[in-house]
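A.B. asks: Predicted coordinates and the sequence they were generated for:
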Amino acid sequence: MRDLRKPGWVSIVLSAFTFLFLLFPLVIIIFASFSPTQILKFPPQSFSLQWYENIFTSSSKFIQGLIYSLEIGAVATVVDIALGVMACLAVSRYTFKGRQALTVFFTSPMFVPSITFGFVLLRIFTRMHGVSAFIQILTGHVVIILPYIIRNTLAIMSGFDWNLEDASASLGADPVYTFFHVTLPLVSPGITAGALLAFLYSFDEAVVARLLHGINFNTLPVIIMNYMTFDFDPTVAAISSILIVASLLLMIVVERVIGLDVFLKS
């Protein structure tokens, strides 16, 4: 009798094809980034680093766009950690009428198309003169990445034993001490996972940033889109390869620190 705990050969073959289907485009991009010519060829006839050099020497200001994207993503994530944790504590710790509706409201930006939300913000900020592009894009990203922190934090708090807070209070600890020394350490894996997903989404977001960008303020995805409008060479493949390697290293660090299984709990 076959052991049902072991996958069959059909499952193994399908899983292998699925992984190849997902990974093969990434392999092509990495190989294409070393192409010696402007025309993308796979496999390349020889290897060149000129497109990696073009990232730093091009007039398209890729590095400046990278800095802006990191700034927007970092600030938006920090703001949403504060907002998201307080919101999750409210809907998880206490029982009140409309709690479920409030949870749906917090996660609703996930179901609104980015172009619709970006257009609404554009109309609002057009009537508000003097608002910098940084604040405009930051406002949009704070809203659209909040659900990722909410969902992951709620997933951890759903199994949290709130009697631990009562025990801390019975020992003389005030609410602030209890939060930072009891509650926060126990739910930090969910917060970390949500913050990582939120940051990556903010870093990669292009629709809202494209609508709200300024003349001298463009995030990296917007610069890449503008570059591809007029030029098509392996420079974009080189940038993509760097981001792929950086994402892989980040996933390895996350796996070592908190474990990737935290992402599945939401």
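C.D. replies: Alright, I've got the coordinates. Computed from a predicted structure; not experimentally measured.

A.B. asks: what's the helix or strand hosting residue 69 packed up against?
C.D. replies: Secondary structure from DSSP states H and E places residue 69 in helix 62-93. Using 3 or more CB pairs under 8 Å, 6 or more residues apart in numbering; DSSP states H and E, the elements in contact with helix 62-93 are helix 50-57, helix 99-107, helix 133-157, helix 184-204, helix 220-230. Where you see a C-beta, it was placed from the backbone N, CA and C, and this is true even at glycine.

A.B. asks: So which elements touch the helix or strand that the last one is followed by?
C.D. replies: By that I understand helix 220-230. Scanning forward in sequence from helix 220-230 by DSSP H and E, the next helix or strand is helix 235-257. The elements that helix 235-257 packs onto, with contact taken as 3+ CB pairs under 8 Å, 6+ apart, are helix 9-32, helix 50-57, helix 184-204, helix 220-230.

A.B. asks: check contacts around the nearest residue to residue 46 once chain neighbours are set aside.
C.D. replies: Leaving out its chain neighbours, the residue that sits closest to residue 46 by CB to CB, 6 or more residues apart in numbering is residue 36, at 5.1 Å. Contacts for residue 36 (CB atoms under 8 Å, 6 or more residues apart in numbering) come out as 44-48, 50.

A.B. asks: Which two of those residues have the greatest separation?
C.D. replies: 45 and 50 (14.3 Å; CB to CB).

A.B. asks: who has more neighbours, these two?
C.D. replies: Set side by side, residue 45 and residue 50 show more neighbours around residue 50, with 16 against 8, by other CB atoms under 10 Å.

A.B. asks: so what's the more buried one up against?
C.D. replies: Taking CB under 8 Å, 6+ apart, we find residue 50 in contact with residue 36.
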